[in-house]
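Participant: I would like to see how this sequence folds:
(chains A and B)
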Amino acid sequence: MIKTDALIIGAGPTGLFTAHQLKLIGLDCEVVDNLDKIGGQCIELYPDKPIYDIPAVPECTGEELTNNLIKQLKPFDIKFHLGERVDEVKKDNGNWIVKTNNGKSFSTPNVIIAGGVGSFEPRKFPPKECEKFENKSLFYSVQDKKVFEGKTVSIFGGGDSALDWAVELSKISKVNLIHRRDEFRGAQATLNKVKELNSAGKINLSTKYQLVSVNGSNKIESIDIKNDDGETKNLKTDYVLGFFGLIMQLGPIANWGLNIDKKTIEVDTEKFETNQKGIYAVGDICKYPGKLKLILSGFHEGALAARACFKLARPNEKYRFEFTTSSKTIKDRLGIKGD
Amino acid sequence: MPKITYITYDKQSHTVEVQNGLTVMEGAVQNDIPGIDADCGGGMACATCHVYVKEDWFNKLPKKEDGEEDMLDMAFEPKFNSRLSCQLIVSNELDGLVVDIPSKQT
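Facilitator: Okay, here's the model as predicted:
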């Protein structure tokens, strides 16, 4: 059990700046994010797209913004738990017990949800029966390629993940690559390789086809795919892999007893606290009259939520407002020597 | 103002007036029409404002940019007449447009 003054869920820009604010006022914090990297939507959805409305930053990309926020956190020692999703938040004697899907648990008086539109999860196949094969013979990522050795694998998707795995697995497996159109969005060099392997009979390519059904009892035996003209093909296969990118899902947050309206959490505008004492929501995921889904609003919300955390984390101390320009205590925390 | 008709998966038809210059996605969100999530807020980054455009309308619409087709690869059950509604800008030419909303966005 990890004890901390505040646990932040979400390592996007709002979560990162909230961590900065907590550390600045002398509180500990840890950050959990389901993505395997820091940056949230900025890094996953638009790393290369320029943003023009960060105060005092005329133009920067999602990646630059993330890197600058990480740089701003450098003086502090903050533990990030990446690739982990918070599944459970439960009250225990005035503290919140928070558990992740990897079995990590935290005890904290303050939980700050900076979760954007929820956690990033792989996009799944439409047919219902896919669920029962999931993580057995149908996967949305590859953990250990050895399981596919000598087997037939059907890969769906048109991006880099689909193409890279088609090339890689063609060395040890029989590969079907299926995509909904003729054009691929993956790297041209990989695509050329795929076409070469297709001509050589190493990859069986089916374009303009989509999955309609998965057949088998305990394990997958075959799949049916259909094209736009309604023609169906049956392919024998042992495994199915789907690479359709990531989607944001509110996920377990919906089960924590919070007031949720259209994927957003209702908060007050003093502490950005939810209907549960000690649970706050900041950034895109929070909702209050006049809410703007801007990164700058998330920064403001995080700064205020951090002050609210102080009261619960240090009940016997009085919070004192200080400026970074003049406070000796803050400069010490930032590791700045002299004046 | 142009009228846009949204047909939800349960066959409910919603016809609303949408101001010129707004997107078909914004028209749905502002009028609380269910089934269009628009998680990324119109940035062509998420494919959760996916709609099917009625065939007679599909060819009249401005063509897709490359990025839109790439995003549609990730949409739930894309078809030949799939579009991202955040990329459809309402104008007088689009008056009477009918779009079907898929059963799910993810």
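
Participant: okay, CA-based contacts and neighbour counts for the rest of this
Facilitator: OK.

Participant: in stretch A:313-332, what's buried?
Facilitator: Residues A:313, A:328, A:330-331 are the ones in stretch A:313-332 that count as buried (16 or more other C-alpha atoms under 10 Å in any protein chain shown).

Participant: meant to ask about stretch B:75-87, not that
Facilitator: Result for stretch B:75-87 [16+ other C-alpha under 10 Å]: buried residues B:75-79, B:82-87.

Participant: Tell me which residue of the stretch 151-300 of chain A lies closest to chain B.
Facilitator: Chain B sits closest to A:Phe244 of the stretch 151-300 of chain A, with a gap of 4.9 Å, by C-alpha to the nearest C-alpha.

Participant: Which residue comes closest to residue 45 once chain neighbours are left out?
Facilitator: This is for chain A. Excluding its sequence neighbours, the residue lying closest to A:Leu45 (C-alpha to C-alpha, 6 or more residues apart in numbering or on different chains) is B:Ala45, at 5.9 Å.

Participant: number of nearby residues for that neighbour?
Facilitator: B:Ala45 has 19 neighbouring residues, counting by other C-alpha atoms under 10 Å in any protein chain shown.

Participant: For A:Arg181, pull up the helix or strand it's in.
Facilitator: A:Arg181 is part of no helix or strand, with elements assigned from DSSP states H and E.

Participant: Show the contacting residues for the spatially closest residue to it that is not a sequence neighbour.
Facilitator: Excluding the flanking residues, the one nearest A:Arg181 by C-alpha to C-alpha, 6+ apart is A:Lys208, at 4.2 Å. Residues counted as contacts of A:Lys208 (C-alpha atoms under 8 Å, 6 or more residues apart in numbering or on different chains) are A:178-182, A:227-228.

Participant: Could you pick out the buried ones from the residues you listed?
Facilitator: Burial by neighbour count, 16+ other C-alpha under 10 Å: within the contacts of A:Lys208 this picks out A:178-181, A:227.

Participant: got the contact list for stretch B:24-40?
Facilitator: Against stretch B:24-40 from outside (C-alpha under 8 Å, 6+ apart): A:117, A:248, B:4, B:6, B:8, B:14, B:16-19, B:42, B:46-50, B:84-90, B:101-105.

Participant: List the buried residues in it.
Facilitator: If you call a residue buried by 16+ other C-alpha under 10 Å, then stretch B:24-40 has these buried ones: B:24-29, B:33, B:35-40.

Participant: number of nearby residues for A:Phe76?
Facilitator: Neighbouring residues of A:Phe76 were enumerated by other C-alpha under 10 Å; the total is 16.

Participant: Surely it is in contact with A:Ile336?
Facilitator: No: using C-alpha atoms under 8 Å, A:Phe76 is not in contact with A:Ile336; the gap is 11.9 Å.

Participant: min pLDDT across the contacts of A:Lys208, which one?
Facilitator: In terms of pLDDT, A:Asp228 ranks lowest among the contacts of A:Lys208, with 82.

Participant: Local confidence estimate at the nearest residue to that one once chain neighbours are set aside?
Facilitator: Spatial nearest neighbour of A:Asp228, excluding adjacent residues (C-alpha to C-alpha, 6+ apart): A:Lys208 at 6.7 Å. We have a pLDDT of 94 for A:Lys208.

Participant: In a strand, B:Ala38, correct?
Facilitator: No: secondary structure of B:Ala38 (DSSP: H, G, I helix; E, B strand; the rest coil): coil, not part of a strand.

Participant: returning to what we had before: now do the residue nearest to A:Asp228 against A:Glu183, distance only.
Facilitator: Distance check for A:Lys208 against A:Glu183: by C-alpha to C-alpha, to the nearest Å, it reads 9 Å.

Participant: now swap in A:Asn102 and tell me
Facilitator: 38 Å.

Participant: These two: who's more crowded?
Facilitator: In this view A:Asn102 and A:Glu183 are compared by other C-alpha under 10 Å, and A:Glu183 has more residues nearby, 14 against 11.

Participant: Give the full set of residues in contact with that one.
Facilitator: Contacts of A:Glu183 (C-alpha under 8 Å, 6+ apart): A:Gly158.

Participant: Residue 67 is in what secondary structure piece?
Facilitator: I'll assume chain A. Using DSSP H and E, A:Asn67 maps to helix A:62-72.

Participant: actually chain B
Facilitator: Taking DSSP H and E as the criterion, B:Gly67 maps to helix B:66-72.

Participant: Show me what the very next helix or strand once past that helix is packed against.
Facilitator: Using DSSP H and E, the helix or strand that directly follows helix B:66-72 along the chain is strand B:82-84. With contacts taken as 3 or more C-alpha pairs under 8 Å, 6 or more residues apart in numbering or on different chains; DSSP states H and E, strand B:82-84 sits against strand B:50-53, helix B:66-72.
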